[in-house]
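**Student:** Test case, fold it:
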Amino acid sequence: MASRTFTLLFPLVVASLALVQIAKAGDPNILSDFIPPANQTVVDGSFFTFTGMRVLVGAPEPTTFKVLKASLAEFPAVNGQSVSTAVLQFPAASVNPPHTHPRSAELLFLIFGSLQVGFVDTTNKLYTQTLQEGDIFVFPKGLVHFQYNADPQNSALAVSAFGSANAGTVSVPNSVFTTGIDDNILALSFKTDVATIQKIKAGLAPKP
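**Tutor:** Residues are numbered from 1 along each chain as shown. As a prediction, the model looks like this:
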């Protein structure tokens, strides 16, 4: 499986980065070819090379959903280039919970496996699709969306491309239940009781 991942992944990363150019960039234009590191006058090809995905080569599949990013924080060369990418690894029966990217749309390319995906628009209409190998799906900028590997036995692998060097990620469960919003406010908002809210919070708390 690891060799399969390596064979398929890296050409498709390049393809995904090319595909993102069809989207309108969300970052400001810069007045130079690129933004070099601060206090560094000599820049060579290593600055424009990201090696963080090498950990995928020969690695065992993760036991929980995992994301490997090449965005501004991990890859400073994308600063000002309005592009970033991420590799999404889905073990069997795993989910990328509902979340948003406030600064970019997301273009997801499914490399292998199958995924149930969807997003909710500003009229609260849900759009869903079951993706197969080779499919591409776009999640519009800023809208709540998710990906779910419903297969109980087989994993899935996808590459996402973004039209921003720093698309940002806001997790719906975490932002609602782990940021200190008062239990009474949440109970009233979700039309439930405080005890239920506290159970949800306990389930999202970091494991020791």
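**Student:** going forward, measure contacts between C-alpha atoms and count neighbours the same way
**Tutor:** Fine.
**Student:** what helix or strand is Gln198 on?
**Tutor:** Using DSSP states H and E, Gln198 sits in helix 194-204.
**Student:** middle-most residue in this protein, spatially?
**Tutor:** Central residue check for the chain by CA atoms, centre = their mean: the C-alpha nearest the mean position is that of Ala86, 6.0 Å away.
**Student:** hang on, that one in a helix?
**Tutor:** No: following the definition DSSP: H, G, I helix; E, B strand; the rest coil, Ala86 is strand and is not counted among the residues of a helix.
**Student:** any idea how far the closest residue to it other than its chain neighbours is from Gly26?
**Tutor:** The spatial neighbour of Ala86 that comes closest, neighbours along the chain excluded (CA to CA, 6 or more residues apart in numbering), is Lys69 at 4.2 Å. When distance is defined by CA to CA, to the nearest Å, Lys69 is 18 Å away from Gly26.
**Student:** Next: Asn79.
**Tutor:** Taking CA to CA as the measure, Asn79 falls 12 Å from Gly26.
**Student:** again with Gly180
**Tutor:** In this structure, Gly180 and Gly26 are separated by 30 Å, where distance is defined by CA to CA.
**Student:** Can you list the low-confidence ranges for the protein?
**Tutor:** By pLDDT under 70, the low-scoring segments of the chain are 1-25.
**Student:** can you pull out the helices in it?
**Tutor:** Across the chain, reading from the start of the chain, the helices by DSSP state H fall at 2-19, 172-177, 183-189, 194-204.
**Student:** Could you list the buried residues of the shortest one?
**Tutor:** Read it as helix 172-177. Taking 16 or more other CA atoms under 10 Å as the neighbour-count basis, helix 172-177 is seen to contain the buried residues Phe177.
**Student:** Hmm, His145 is touching Phe139, no?
**Tutor:** Yes: because the distance of 7.0 Å satisfies CA atoms under 8 Å, His145 is recorded as touching Phe139.
**Student:** Now for those two: what residues contact both?
**Tutor:** Listed as contacting both His145 and Phe139 by CA atoms under 8 Å, 6 or more residues apart in numbering are Gly118, Phe119.
**Student:** Which parts of the protein are strands?
**Tutor:** With DSSP state E applied, the chain shows strands at 66-70, 84-90, 95-100, 106-112, 115-120, 126-131, 136-139, 144-148, 156-162, 170-171, listed in chain order.
**Student:** any chance of those in a markdown table, plus distance to Leu188?
**Tutor:** As requested, the strands of the chain are arranged in a markdown table below (distance: least, CA to CA, whole Å):
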| stretch | distance to Leu188 |
| --- | --- |
| strand 66-70 | 33 |
| strand 84-90 | 34 |
| strand 95-100 | 21 |
| strand 106-112 | 33 |
| strand 115-120 | 22 |
| strand 126-131 | 24 |
| strand 136-139 | 30 |
| strand 144-148 | 22 |
| strand 156-162 | 36 |
| strand 170-171 | 21 |
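**Student:** Single out the most deeply packed of these.
**Tutor:** A comparison of the strands of the chain by mean neighbour count, using mean count of other CA atoms under 10 Å, puts strand 156-162 on top with a mean of 26.
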